[in-house]
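Visitor: I'd like to go over a predicted model; first the sequence, then the structure.
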Amino acid sequence: MLKPNILNIFIAAALGVAASPVLASDSGDAPAAYGTATHEVVVGAPQIGQQAPDDNGNVASPFADGDDLSETVDDEDGVFGFPTLVQNGKSFTTNVFVQNPTGAPAYLSGWVDFDGNGSFDADEYATAEVPPSTPGENVKVKLLWPFLTGVTSDYIGPTYARFRISSQPIGAGDATGSWPDGEVEDYGLEILADYDGDEIPDISDLDNDNDGIPDAVEGTVDSDGDLIPDYLDFDSDNDTIADFIEAGDNPTVPADSDGDGDPDYIDLDSNNDAIPDSVPASDDTDADGIPDGIEGNGDDDGDGILNVSDIDSDNDAIPDAIEFGPGPNAADTDNDGTPDFLDLDSDNDGIPDIQESHILALPLYLLDTDNDGRIDSDYVFGTNGLADDVETDPDTGIIIHTIADSDTDGLQDFRDLDSDSDGITDALEGGAADNDNDGIVDDGVDANGDGWFDGNINFLTQDGVLPDNDTDVLPDFQDVDADGSTNGPVGSTVTPPTDPGTPTDPGTPTEPVNGGGGGANDPDAVIQTGLQGVAGCSVQGRGTESTLPLIALASLLLLAVRRRKVKVAQQAKHR
């Protein structure tokens, strides 16, 4: 811990510093391309982590560990684990441990190079105000990047993060430069590959093409000879019908309609009627397996595309082919007279199908801003009626998410009254009125016949978000461990603050992530006096040289003090 002495106070006075004495300058250590960030080290100022910032010069390094290795005590201890970061991520959050003994608010800012372009850009910035805390108390602060669509990219590989704290505000354009107090810490981290865009990295994704069929079932064979193994192929038999549709209601055990031993997703004639599956029925305009006579010529979701040509006729991010069900007649799970493919709440549990369609894979805070159960009308839907943002590319018809089955019981969440099989109905976990506790919301009025009771009241409609009691990523209705008492299911890592899912808090600090300061030569850099540690100081190099004579005087005073100590020591030795 740095301690003030008479010389520190003298130098501080020479520099016109009214607060605690300036001791040194702390620098970031990300690669030089990211620019120099420095903070004057002031006793009693805000800091990142338990260890006080140290005095270092230019410590830019390839692994952002130059500051870590430059001192006996590593002061890079503010971040103890980053949530998983994937290419094209939709949002991100991380915890930073800080101290603020000033008695007034401090300001924590962070940047992550999400697109891997070698700089900390303004749109990669997040900030939080840090309230005063007891001296020596490490406080956890969450930084949020909720809207990263268009900020992240296809980039895969190493990247860097920078965190700065000060008693003075730090803006989006302040990733570099000098600050009068506080600390800077830089870290290296990795952006991982995510083939199917579900924000689960490929290395830990059990279904890398998001068709609901486990990779272990599909294997590395290439059924259609297109040089794409089945576990990465959205249409493994190239019959123009996506695997996620042919997989059936329980994709973990793929459907085999004709019982010939070849599951439908690799069977070119899955019903054995001598007509290839690739030949659409004459009365099925959109080739979704539902006859035009059943879909009708209406436009239930108001997207300008008639149901007969719309593969998602209610805009709930679940394709009609899945909601229709396996039989010849359209499924109507809640028996309300509205078939599931047109029903915004197919099981009538008070949670819209769009919320139950996925597990933390869709940014619904952007897609359904009014929480009416439909993707907002200002999105692009292409010619197939499916929102471009929920399919791999426009009009492919291949969704980027697996239809959720939280408890893996073969009944997908949008049809399951207890999605996580925890014995508490989804209706109750979502806050709906269910006085008879049958898992179905109490009777109401559905004037427009969309399957959603008019004036339906629950936590989503009132607060704009479904409950996540233990803040562990998953909303309660999908979390078998909603109180956080045991280890529940593992979900995605990236989510918005107002939508179910915030990356799991890293918890109590144990071992810091490797990281440190960094910096390159900065035209606005500090002037180092060359005095390290307690007696060190630095001056802002901004053309104000009137303080230099005072620094010289301070140096002479220090030299005199040292010479006197040496003389006294020599006299004592000869006595």
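Guide: Noted; the coordinates are in hand. Numbers count the residues shown, from 1 in each chain.

Visitor: how near is the closest residue to Ala287 other than its chain neighbours to Asp243?
Guide: Nearest non-adjacent residue to Ala287, counting by CB to CB, 6 or more residues apart in numbering: Pro280, 4.0 Å away. Bear in mind the C-beta positions are built from the backbone N, C-alpha and C, glycine included. Using CB to CB, to the nearest Å, Pro280 is found at 17 Å from Asp243.

Visitor: again with Tyr160
Guide: Going from Tyr160 to Asp243 by CB to CB gives 38 Å.

Visitor: now Asp343
Guide: Applying CB to CB, the value for Asp343 to Asp243 is 25 Å.

Visitor: try Asp472
Guide: Asp472 is 31 Å from Asp243, by CB to CB.

Visitor: so for those two, which residue has more residues nearby?
Guide: Taking other CB atoms under 10 Å, Asp472 and Asp243 do not tie; Asp243 has more neighbours (26 against 22).

Visitor: who's in contact with that one?
Guide: Going by CB atoms under 8 Å, 6 or more residues apart in numbering, Asp243 touches 209, 211-213, 233-236, 265.

Visitor: quick one: the helices in the chain?
Guide: According to DSSP state H, the chain carries its helices in the segments 6-14, 66-70, 215-218, 243-246, 292-295, 320-324, 353-356, 364-367, 426-430, 459-463, 548-574.

Visitor: domains for the chain, by residue range?
Guide: Listed domain ranges for the chain are 25-196+511-524, 331-491 (source: automatic domain parsing).

Visitor: which residues touch the nearest residue to Ser119 once chain neighbours are set aside?
Guide: What sits nearest to Ser119 in space, not counting adjacent residues and going by CB to CB, 6+ apart, is Tyr34, at 6.3 Å. By CB under 8 Å, 6+ apart, the contact set of Tyr34 is 28, 60, 113, 118-120, 160, 162, 175-176, 186, 518, 520.

Visitor: filter the residues you listed to the buried ones?
Guide: With burial judged by 16 or more other CB atoms under 10 Å, the buried subset of the contacts of Tyr34 is 28, 60, 113, 120, 160, 162, 175-176, 186, 518, 520.

Visitor: closest to Thr285 among these?
Guide: Asp113 (46.4 Å; CB to CB).

Visitor: what about Asp224, distance to Ala33?
Guide: Taking CB to CB, one finds Asp224 at 44 Å from Ala33.

Visitor: which one of the two is surrounded by more residues?
Guide: Between Asp224 and Ala33, counting by other CB under 10 Å, Asp224 is the more crowded of the two (16 against 13).

Visitor: need phi/psi at that one.
Guide: Main-chain dihedrals, Asp224, degrees, to the nearest 10: phi -100, psi 10.

Visitor: got it, and Leu268?
Guide: Phi and psi for Leu268, reported as degrees, to the nearest 10, are phi -70, psi -10.

Visitor: quick check: it touching Pro276?
Guide: Yes. Counting by CB atoms under 8 Å, Pro276 is a contact partner of Leu268 at 5.5 Å.

Visitor: any weak-confidence spans in this structure?
Guide: 1-23, 55-58, 66-73, 484-575 (pLDDT under 70).

Visitor: give the bridge partners for Leu144, please.
Guide: Beta bridges link Leu144 to Thr93 when assigned by DSSP bridges.

Visitor: what about it, neighbour count?
Guide: 19.

Visitor: relative to Asp113, how far out is it?
Guide: Going from Leu144 to Asp113 by CB to CB gives 17 Å.

Visitor: which ones are touching Leu189?
Guide: Leu189 neighbours (CB under 8 Å, 6+ apart): 82, 85, 112, 158-161, 513.

Visitor: rewinding a little: a markdown table for the buried ones among the contacts of Tyr34, including distance to Ala45?
Guide: Shown next, in a markdown table, are these (distance: CB to CB, whole Å):
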| residue | distance to Ala45 |
| --- | --- |
| Gly28 | 17 |
| Ala60 | 24 |
| Asp113 | 27 |
| Phe120 | 22 |
| Tyr160 | 24 |
| Arg162 | 18 |
| Ala175 | 20 |
| Thr176 | 20 |
| Asp186 | 19 |
| Gly518 | 20 |
| Ala520 | 24 |
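
Visitor: Asp332 and Asp343 touch, don't they?
Guide: Yes. At 7.4 Å, Asp332 and Asp343 qualify as touching, with contact defined as CB under 8 Å.

Visitor: which one of these two has more residues nearby?
Guide: Asp343 (30 against 17).

Visitor: against Asp207, how distant is that one?
Guide: Taking CB to CB as the measure, Asp343 falls 26 Å from Asp207.

Visitor: over to Ala281?
Guide: Going from Ala281 to Asp207 by CB to CB gives 29 Å.

Visitor: those two: who's more crowded?
Guide: Using other CB under 10 Å as the criterion, Ala281 and Asp207 rank with Asp207 on top: 21 against 12.

Visitor: nothing else from me, thank you.
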